[in-house]
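*Asks:* Give the three-dimensional model of this entry:
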Amino acid sequence: MMKKQKLNELSISDVDEKLHDNLEDLQNLRFQKALQQLENPIRISHLKKEIAQLKTVKKEFDLGLRGGKDKD
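*Replies:* A predicted model of the protein is given here:
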């Protein structure tokens, strides 16, 4: 799980990249769970919370509530 301070330091491109990586990780964890190969099921809920945090930060960038818009 990311700390709030680390989230505040990310740029919009960093948020997009991290969000994409986390969504891929979540999909892989769900496959492992379906195949009963998942060692740490709590990691799924932590990853989902982090994804929600990243989506919130991304929305704040879109609404102009966060710093400059450095769109790539």
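*Asks:* Can you list the low-confidence ranges for this protein?
*Replies:* Under the criterion pLDDT under 70, the flagged ranges of the chain are 1, 68-72.
*Asks:* Please, which helix or strand holds the residue nearest the centre of it?
*Replies:* Relative to the mean C-alpha position of the chain, the nearest C-alpha, by CA atoms, centre = their mean, is the one of residue 51, at 3.2 Å. Counting by DSSP states H and E, the secondary-structure element that holds residue 51 is helix 42-63.
*Asks:* and that helix, which residues are buried?
*Replies:* Of the residues in helix 42-63, those buried by neighbour count under the rule 16 or more other CB atoms under 10 Å are 44, 47, 50-51, 53-54, 57-58, 61. From N, CA and C alone the C-beta is placed, and that goes for glycine too.
*Asks:* residues contacting the residue nearest to the centre of the chain?
*Replies:* Applying CB atoms under 8 Å, 6 or more residues apart in numbering, we find residue 51 in contact with 19, 22-23, 26.
*Asks:* related to what we said a few turns ago, with just CA atoms, put the helix holding residue 51 into CSV.
*Replies:* The C-alpha coordinates for helix 42-63 follow below in CSV (Å, rounded to 0.1, in the frame of the first residue of the first chain):
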residue,chain,number,x,y,z
ILE,A,42,-4.9,-10.4,1.5
ARG,A,43,-2.7,-8.8,-1.2
ILE,A,44,-5.7,-8.6,-3.5
SER,A,45,-7.6,-6.3,-1.1
HIS,A,46,-4.5,-4.2,-0.6
LEU,A,47,-4.0,-3.9,-4.3
LYS,A,48,-7.6,-2.9,-4.8
LYS,A,49,-7.3,-0.1,-2.2
GLU,A,50,-4.2,1.2,-3.9
ILE,A,51,-5.9,1.2,-7.3
ALA,A,52,-8.8,3.2,-5.7
GLN,A,53,-6.3,5.7,-4.3
LEU,A,54,-4.5,6.1,-7.7
LYS,A,55,-7.9,6.6,-9.4
THR,A,56,-8.8,9.3,-6.9
VAL,A,57,-5.5,11.1,-7.5
LYS,A,58,-6.0,10.8,-11.3
LYS,A,59,-9.5,12.3,-11.0
GLU,A,60,-8.1,15.1,-8.9
PHE,A,61,-5.6,15.9,-11.6
ASP,A,62,-8.4,15.8,-14.2
LEU,A,63,-10.5,18.2,-12.2
